[in-house]
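Undergrad: Got a sequence here, can you model it:
(2 chains)
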Amino acid sequence: MPKESSGRIELLQGTLDMLILRTLLFGPAHGHQIAKHIQRTTDDLLQVEHGSLYPALHRLERKGWLAAKWEPASKDQKREYKYYRLTAAGKKQLAAEESKWKQMASAIARVMWPAEEG
Amino acid sequence: MFWRRKSRDHDLDRELRSHLEAEAAEQRADGLSEEDARYAARRTFGNTTLVEENVREVWGWRWLEQLALDLRYALRTIRKSPGFALTAVLSLALGIGANTAIFSVVHVVLLKPLEYRDPDRLVNFSGGATPVRFMEMKASARSFTGIGAFSGQENVTITGGAQPEVLKAARVSAGFLSILGVEPLFGRGFLPEEDSPGGPAVAMIGAELWQRRFNGDSRIVGKTLTLGDAPYTIVGVLPARFQFPFPDLDVWLTQPSEWPAVPPKSRPLSPFLSIFGRLKPGVSLEQASAEAAVIQRHYKMAHPAMLDAKPKSPVRVKPLKEALVANIRSVLWMLFGAVGFVLLIACANVASLLLARANARSREFAIRSALGAARSRLVGQLLAESVLLSFAGGVLGLLLAVWALRAIPNLTAFDLPRAGEVHLDWMVLGFAAVLSFVTGILFGLAPSLDASRPDLMGVLRLRSESVNEGLSGRVRIGFTARNMLVVGQVSLSIVLLIGVALLIESVIHLRGDDPGFNPANLLTMRLSLPQSRYDTDQKEDAFFQELIQRVESTPGVRGATVAMTLPMTGFAGTPVQDASKPPLRLNERLIATALVVAPGYFKTLDIPLQRGRDFSERDIESAQRVAIIDEGLARRFWPAYPRGLDPIGQRLLVGGVNPKPAEIVGIVGNVHQNLENSGWPQSVYVSFWQDPLPSAMLAIRTGGNPTRITTLVREQVQALDRNEPISDVKTMDDRIEAQLGQRRLLAVLLGLFAGVALLLALVGIYGVIAYSVEQRTYEMGIRRALGARESEILWLILGQGFRLALTGAAIGVIGAFALTRVMRTLLFHVDTTDPLTFAGVATLFILVALAASYVPARRAVRIDPMVALRYE
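TA: Numbers count the residues shown, from 1 in each chain, chains lettered A, B, ... in the order given. The predicted model follows:
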């Protein structure tokens, strides 16, 4: 479903996983925080679809890159959230995806702006 | 697993709720009211159900869960419309049940290998062989590990001990068990010395007879079996369901060359043996056939006069299985095809019912897809519904099949080989299951694909558009897919109906043809004189002469006679030639039906004597040999008959072994020896007193119902000889019925299937027309309001039904044209493409189809314009 909103960019296939892993590098977070973090750091340029976020979280958990635990919120002790935490395997995966991403980005850049590379 | 999924569901629900709350809290912090914050949170989050479903998909058992959900939902929808479900399940059950039943027969009879060791290596030689040819084949052939022969089936009477009983017996070569690779239950098979003339009289019995008559005596081997007064030593018991060479045998004898159905004198010359064998490893059918052809050439050179020296088609070696099912194969495939058609028609019917329902539910689907249901989910759900229906139909069909399978062994008219093996096994169950599943997909896929593509605008579109189309003459008859289904149904049932009509015509022709004798009030039975007590021709003659006199003096009897064979009880051929011509080789002479009959035969059977006289008591062995010929033979040898040279007084050479010329004393009308009159077109009769036989058919003409005097005749026979066994007591009408049997049974079965097909097709037409009338109610209202007359409306609707039926009938007639040729062997005096039948069936069908569309058409006529225009 293409969004009509201007200025927002559709996430590239597979990049959401990397962004989630990267977000969790700062420490455990729950779904809402992860979504908000991505949106805020990109100045609302990247809008995280909840229909993709939660399946991605569960998928990453299944693969063992994330671990999840119900914990009371730091601000409001009465509320419990499901906090996701990066595992050792997750960190490795993030490193791998990052380097892959860098390679691809530079490759794309070379095709798109060959002169600047000169 | 299930509880874990439940807790996971709960967990996910909690997670999403906490997310919404966090979002709402944020919105509140931005200054929104409590309620607005909650709505805003929901808005930003989107469709929670969709998110949940997507997450579950990640978990991996979504499909299973969906299946369970779909099935539950389908069950609920089906329960809500029991009428629809009942119609669908019943028609599917009929189709699946019939297919399963016929498949179980086809599976055993045609597909399953014979239950012998390496059954593929077992072969059969084409054509009948004389004992001489069999011996030569056996001596010379190198392609086989063993060769054996068997003669035709015979009836034997078991006496001694309990009640005398007529049993089915066959004569087989000594080595038959080792060729087939079968071990006897007890004892041993036949030894070569027992298979040679004059060898010890031995017999094997079947397991069923062993249980029934000997109480499963484990020391049965060596005991004596009395068959027609002669003692036989029992050497072995054969396993249950052993069906070689014929089904339902009780007794196996050896010495196939001594088949009593052929008079001893004629045996060396008569090709009554069937040869079978087992191929050596590595030898192909072609190699074996080539060798058989070479041996046949040598045989022909050595015995140029033998009747089997020049067979009509070259001697070939074929798989034994093929020979055993040759008669029934086309019948079974035809039935299988017919039930396949019925199932297709049933599928089409259910599909069209589903289409109608899907149409009615289009709003539901439109709403669901607007709410975000994926198309695959909609299709899946509809398919779940149809598969559920088809499985219900399958289970019910299986019950029907089980019931039908019990009846199959009783369908003796088909003379099914291996009928005893027909039962429900995994193969049949698997067939029913696969059939149900495929059926469900077959009738479910089209409607669900269609319904899952809901045209949102179309659902909401104004009726005026379709009304315009209707009024402007561009009539959309309901739904195209439904029309196609109905046309398919009509054409399939037309094919079936034409097949049935052709069969019925054949049966009528068979019954209607004048057989040349009067079959009414004719009682017939077989008498077999024990050779031990009737060891001379004189004794045999005396018995039968006395018997005829006694029977004729019985009240209610108009005439009695004996003969080697009667019409409808089988017949034999013999070489004949005009004795005035130079003698020809036996196999160059005319083969005519040979009948050995006592005086009074023609009178008793009501066969007109055209010229000359009947046989008399003076035509005995010592007197001049005499013969009576039929009109066919007279015309064949004296083409000018009834003018020209009078055949009476001419002489004929009849039979094979140095025949003395026989003087023609009479000419009679032609007689059909079987219903199809498929024997030799000419016949010659010789005197029973000149050619006495130990076994004969007794025919009795009665004034009234012939079965009433059966007991009286039995008493007369027993008064003459207390131990004289009588067998095969039947009226001539029963014999004719029995010959009609296979065709009649086939006509009944096919008729049944065609009837179901017709009914389903009519329901289909009715459904389509009724649906279209309902769709066009508004249009009809306008037409009526504008002054259309009732008859115009009526014809408008009837025209739809007519067009559907006509299209279907046209396709059906073309299909039948291509398919009825498989029936050629079953038809009699009817062409497989008989134009009258084709046109008649098609016309009849169209008329019935018009009647089916009349009911909804009447409804259209009765539409009140005021009500119709307010409709919806």
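
Undergrad: For B:Phe802, give me its contacts.
TA: Contacts here follow C-beta atoms under 8 Å, 6 or more residues apart in numbering or on different chains; on that basis B:Phe802 touches B:Ile846, B:Ala849, B:Leu850, B:Ser853. C-betas here are computed from N, CA, C, even on glycine.

Undergrad: next one: B:Tyr685
TA: B:Leu595, B:Val596, B:Val597, B:Tyr601, B:Phe615, B:Ala627, B:Ile628, B:Ile629, B:Asp630, B:Val668 are the contacts of B:Tyr685 under C-beta under 8 Å, 6+ apart.

Undergrad: from these, which is closest to chain A?
TA: Nearest to chain A among the contacts of B:Tyr685, counting by C-beta to the nearest C-beta, is B:Leu595 at 90.0 Å.

Undergrad: Can you name the helix or strand that the nearest residue to B:Thr569 once chain neighbours are set aside falls in?
TA: Among residues not flanking B:Thr569 along the chain, B:Met697 sits closest, at 5.7 Å (C-beta to C-beta, 6 or more residues apart in numbering or on different chains). Assigned by DSSP states H and E, B:Met697 falls within strand B:695-702.

Undergrad: What is the subsequent helix or strand relative to that strand?
TA: helix B:710-720.

Undergrad: For that next one, what does the pLDDT average out to?
TA: Computed over helix B:710-720, the mean pLDDT rounds to 86.

Undergrad: How about stretch B:538-554?
TA: What stretch B:538-554 shows for mean pLDDT is 89.

Undergrad: now that stretch: how far from the chain's centre is it?
TA: Distance, stretch centre to chain centre, for stretch B:538-554: 43 Å (C-alpha atoms, centre = their mean, to the nearest Å).

Undergrad: can you list contacts of that stretch?
TA: Counting by C-beta under 8 Å, 6+ apart, B:527, B:529, B:533-534, B:557, B:559-562, B:598, B:600, B:617, B:620, B:688-689, B:692-694, B:696, B:698, B:700, B:709, B:712-713, B:716-717, B:719-721 sit against stretch B:538-554.

Undergrad: near chain B, which residues of chain A show up?
TA: A:30-33, A:36, A:49-52, A:54-55, A:58-59, A:62, A:70, A:79-82 (C-beta under 8 Å from any C-beta of the partner chain).

Undergrad: Recalculate using a threshold of 10 Å.
TA: With C-beta under 10 Å from any C-beta of the partner chain as the criterion, chain A meets chain B at residues A:1, A:30-33, A:35-36, A:47, A:49-62, A:68, A:70, A:73, A:75-76, A:79-82.

Undergrad: Okay, now the unreliable bits of the stretch 101-250 of chain B?
TA: The model of the stretch 101-250 of chain B has pLDDT under 70 over residues B:161-162.

Undergrad: Now do the helices in it.
TA: B:131-140, B:176-180, B:207-214 (DSSP state H, counting those that start in this stretch).

Undergrad: what does chain A give?
TA: Along chain A, the segments classed as helices by DSSP state H run A:15-23, A:31-41, A:50-63, A:88-112, A:114-117.

Undergrad: Switch those helices over to CSV; also include mean pLDDT.
TA: Listed next are those as CSV, based on pLDDT from 0 to 100:
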stretch, mean pLDDT
helix A:15-23, 88
helix A:31-41, 87
helix A:50-63, 85
helix A:88-112, 89
helix A:114-117, 62
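
Undergrad: Same list (the helices of the stretch 101-250 of chain B) but as TSV, adding mean neighbour count and distance to B:Asp864.
TA: Shown next, in TSV, are the helices of the stretch 101-250 of chain B (neighbours: other C-beta atoms under 10 Å in any protein chain shown; distance: least, C-beta to C-beta, whole Å):
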stretch	mean neighbour count	distance to B:Asp864
helix B:131-140	19	86
helix B:176-180	23	79
helix B:207-214	17	73
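
Undergrad: Tell me which of these sits nearest to B:Ala288.
TA: Closest to B:Ala288 of the helices of the stretch 101-250 of chain B, according to C-beta to C-beta: helix B:131-140, at 11.0 Å.

Undergrad: just checking, what's the longest helix in chain B?
TA: helix B:732-775.

Undergrad: Taking strand B:695-702 as reference, get the angle to that one.
TA: Interaxial angle, helix B:732-775 versus strand B:695-702 (axes from the mean of the first three to the mean of the last three C-alpha atoms, to 10 degrees): 70 degrees.
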